[in-house]
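Asks: sharing a model that was predicted from the sequence below.
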Amino acid sequence: MASSVIVCYSVHRGNTLRVARVISEVLGARIYEPEELDPVEAAEKYRLIGFGSGIYYGRHHPSIIEFAEKLPRVSGEYAFVFSTSGLPKIPFLHEYHKPLLAILVEKGFKIIGEFSCRGHNLHGALRLIGGMNKGRPNARDLERARRFAEKVLKSLEV
(Lines give C-alpha, C1' and ligand atoms only; values in the text may rest on other atoms or scores of the structure.)
Protein backbone atom coordinates (compact mmCIF):
# COMPACT_ATOMS: atom_id res chain seq x y z
CA MET A 1 0.00 0.00 0.00
CA ALA A 2 1.39 3.39 -1.00
CA SER A 3 1.78 5.97 1.67
CA SER A 4 -0.30 9.07 0.97
CA VAL A 5 -2.17 11.11 -1.60
CA ILE A 6 -3.95 14.46 -1.63
CA VAL A 7 -7.25 15.05 -3.41
CA CYS A 8 -7.53 18.80 -3.94
CA TYR A 9 -9.75 21.11 -5.93
CA SER A 10 -8.48 24.67 -6.19
CA VAL A 11 -10.59 26.87 -8.43
CA HIS A 12 -10.20 30.64 -8.38
CA ARG A 13 -6.84 31.92 -7.16
CA GLY A 14 -4.88 28.71 -6.52
CA ASN A 15 -5.01 29.37 -2.77
CA THR A 16 -5.78 25.80 -1.77
CA LEU A 17 -3.32 24.33 -4.24
CA ARG A 18 -0.54 26.40 -2.62
CA VAL A 19 -1.42 24.86 0.74
CA ALA A 20 -1.69 21.38 -0.81
CA ARG A 21 1.80 21.70 -2.33
CA VAL A 22 3.36 22.50 1.04
CA ILE A 23 1.59 19.57 2.70
CA SER A 24 2.51 17.23 -0.17
CA GLU A 25 6.21 18.14 0.13
CA VAL A 26 6.26 17.04 3.76
CA LEU A 27 4.22 13.89 3.19
CA GLY A 28 5.80 12.92 -0.12
CA ALA A 29 2.27 12.79 -1.52
CA ARG A 30 1.07 13.32 -5.05
CA ILE A 31 -1.79 15.80 -5.61
CA TYR A 32 -4.78 14.89 -7.75
CA GLU A 33 -8.00 16.65 -8.67
CA PRO A 34 -11.05 14.53 -7.83
CA GLU A 35 -11.73 13.53 -11.44
CA GLU A 36 -8.15 12.30 -11.90
CA LEU A 37 -8.39 9.56 -9.28
CA ASP A 38 -10.76 6.65 -8.81
CA PRO A 39 -12.14 6.69 -5.23
CA VAL A 40 -12.15 2.89 -4.90
CA GLU A 41 -8.57 2.56 -6.14
CA ALA A 42 -7.45 5.43 -3.89
CA ALA A 43 -8.94 3.76 -0.81
CA GLU A 44 -7.24 0.49 -1.69
CA LYS A 45 -3.87 2.00 -2.62
CA TYR A 46 -3.23 4.71 -0.01
CA ARG A 47 -2.88 4.54 3.76
CA LEU A 48 -3.50 8.29 4.12
CA ILE A 49 -5.72 10.53 2.00
CA GLY A 50 -5.88 14.30 2.37
CA PHE A 51 -8.93 16.21 1.13
CA GLY A 52 -8.82 19.93 0.42
CA SER A 53 -10.59 22.75 -1.37
CA GLY A 54 -11.77 26.27 -0.89
CA ILE A 55 -14.95 26.70 1.12
CA TYR A 56 -18.12 27.33 -0.88
CA TYR A 57 -21.23 28.33 1.01
CA GLY A 58 -19.99 26.74 4.22
CA ARG A 59 -18.52 23.49 2.91
CA HIS A 60 -15.84 21.97 0.68
CA HIS A 61 -16.25 22.12 -3.10
CA PRO A 62 -18.95 19.69 -4.37
CA SER A 63 -16.34 17.68 -6.30
CA ILE A 64 -14.52 16.84 -3.04
CA ILE A 65 -17.79 15.90 -1.31
CA GLU A 66 -18.81 13.70 -4.26
CA PHE A 67 -15.40 12.00 -4.28
CA ALA A 68 -15.72 11.22 -0.57
CA GLU A 69 -19.24 9.87 -1.04
CA LYS A 70 -17.94 7.41 -3.69
CA LEU A 71 -15.26 6.00 -1.39
CA PRO A 72 -15.80 2.43 -0.21
CA ARG A 73 -15.87 1.53 3.48
CA VAL A 74 -12.33 1.16 4.82
CA SER A 75 -10.55 -0.15 7.87
CA GLY A 76 -7.23 1.18 9.11
CA GLU A 77 -6.92 4.05 6.63
CA TYR A 78 -6.37 7.63 7.69
CA ALA A 79 -7.62 10.97 6.42
CA PHE A 80 -7.10 14.66 6.99
CA VAL A 81 -8.94 17.67 5.63
CA PHE A 82 -7.83 21.19 4.82
CA SER A 83 -9.31 24.32 3.32
CA THR A 84 -8.91 27.97 2.50
CA SER A 85 -11.74 30.42 2.98
CA GLY A 86 -12.60 34.07 2.86
CA LEU A 87 -13.79 34.11 6.44
CA PRO A 88 -11.90 32.73 9.41
CA LYS A 89 -13.00 29.35 10.73
CA ILE A 90 -14.65 30.13 14.06
CA PRO A 91 -15.42 26.98 16.10
CA PHE A 92 -19.14 26.27 16.50
CA LEU A 93 -20.01 29.07 14.09
CA HIS A 94 -18.12 28.00 10.97
CA GLU A 95 -17.88 24.23 10.98
CA TYR A 96 -16.70 24.16 7.35
CA HIS A 97 -15.11 20.72 7.62
CA LYS A 98 -18.00 19.02 9.40
CA PRO A 99 -19.93 17.75 6.32
CA LEU A 100 -16.80 16.18 4.79
CA LEU A 101 -15.58 14.78 8.09
CA ALA A 102 -18.96 13.13 8.69
CA ILE A 103 -18.73 11.32 5.34
CA LEU A 104 -15.16 10.17 5.99
CA VAL A 105 -15.95 8.90 9.47
CA GLU A 106 -19.00 7.06 8.16
CA LYS A 107 -16.73 5.41 5.56
CA GLY A 108 -14.41 4.19 8.34
CA PHE A 109 -11.49 6.62 8.04
CA LYS A 110 -9.58 7.66 11.14
CA ILE A 111 -9.31 11.46 11.04
CA ILE A 112 -5.85 12.63 12.05
CA GLY A 113 -6.09 16.35 11.50
CA GLU A 114 -7.68 19.47 10.08
CA PHE A 115 -6.09 22.62 8.73
CA SER A 116 -7.58 25.86 7.48
CA CYS A 117 -6.36 29.33 6.65
CA ARG A 118 -7.63 32.42 4.93
CA GLY A 119 -7.43 32.76 1.18
CA HIS A 120 -7.64 35.72 -1.18
CA ASN A 121 -11.30 35.90 -2.12
CA LEU A 122 -12.58 37.73 -5.20
CA HIS A 123 -16.02 36.11 -5.26
CA GLY A 124 -19.00 38.13 -6.43
CA ALA A 125 -19.12 41.77 -5.38
CA LEU A 126 -15.78 41.47 -3.57
CA ARG A 127 -14.15 41.68 -7.00
CA LEU A 128 -15.21 45.34 -7.22
CA ILE A 129 -13.12 46.27 -4.18
CA GLY A 130 -10.11 44.03 -4.87
CA GLY A 131 -11.35 41.18 -2.74
CA MET A 132 -10.55 40.25 0.82
CA ASN A 133 -7.47 38.61 2.34
CA LYS A 134 -5.19 39.83 -0.42
CA GLY A 135 -1.86 38.01 -0.27
CA ARG A 136 -3.28 35.02 1.60
CA PRO A 137 -2.29 32.34 2.09
CA ASN A 138 0.92 34.11 3.05
CA ALA A 139 4.29 32.78 4.22
CA ARG A 140 3.01 32.44 7.78
CA ASP A 141 -0.04 30.45 6.63
CA LEU A 142 2.16 28.16 4.54
CA GLU A 143 4.52 27.60 7.47
CA ARG A 144 1.51 26.63 9.60
CA ALA A 145 0.51 24.18 6.83
CA ARG A 146 4.02 22.72 6.90
CA ARG A 147 3.87 22.24 10.67
CA PHE A 148 0.43 20.65 10.30
CA ALA A 149 1.80 18.17 7.76
CA GLU A 150 4.74 17.36 10.04
CA LYS A 151 2.27 16.52 12.83
CA VAL A 152 0.26 14.33 10.46
CA LEU A 153 3.42 12.50 9.44
CA LYS A 154 4.52 12.05 13.05
CA SER A 155 1.11 10.66 14.04
CA LEU A 156 1.45 7.97 11.35
CA GLU A 157 4.83 6.93 12.76
CA VAL A 158 3.43 6.23 16.22
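Replies: That came through fine.
Asks: please count neighbours and contacts with C-alpha atoms only from this point.
Replies: Noted.
Asks: which elements pack onto the longest strand anywhere in the chain?
Replies: Of all the segments of type strand in the chain, defined by DSSP state E, the longest one is strand 46-56. If contacts are counted by 3 or more CA pairs under 8 Å, 6 or more residues apart in numbering; DSSP states H and E, strand 46-56 sits against strand 2-9, helix 15-27, strand 59-60, helix 62-70, strand 78-85.
Asks: closest to residue 149 out of the ones you listed?
Replies: Taking CA to CA, helix 15-27 is the member of those nearest to residue 149, at 5.3 Å.
Asks: quick check, central residue of the protein?
Replies: Residue closest to the mean C-alpha point of the chain, counted by CA atoms, centre = their mean, is residue 52 at 2.0 Å.
Asks: on that earlier part again, could you dump the helices and strands packed on strand 46-56 into TSV with mean neighbour count and mean pLDDT added?
Replies: Compiled in TSV, those are given as follows (neighbours: other CA atoms under 10 Å; pLDDT from 0 to 100):
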stretch	mean neighbour count	mean pLDDT
strand 2-9	22	90
helix 15-27	22	95
strand 59-60	22	86
helix 62-70	17	97
strand 78-85	25	93
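Asks: sorry, back to before: from residue 113, how far off is the residue nearest to the centre of the chain?
Replies: From residue 52 over to residue 113 the distance is 12 Å, taken as CA to CA, to the nearest Å.
Asks: anything in contact with each of the two?
Replies: When contacts are counted by CA atoms under 8 Å, 6 or more residues apart in numbering, the set common to residue 52 and residue 113 consists of residue 81.
Asks: just want the angle from the top helix by length along the chain to strand 78-85.
Replies: In terms of residue count, the longest helix belonging to the chain (DSSP state H) is helix 139-157. The directions of helix 139-157 and strand 78-85 differ by 170 degrees, with axes from the mean of the first three to the mean of the last three CA atoms, to 10 degrees as the criterion.
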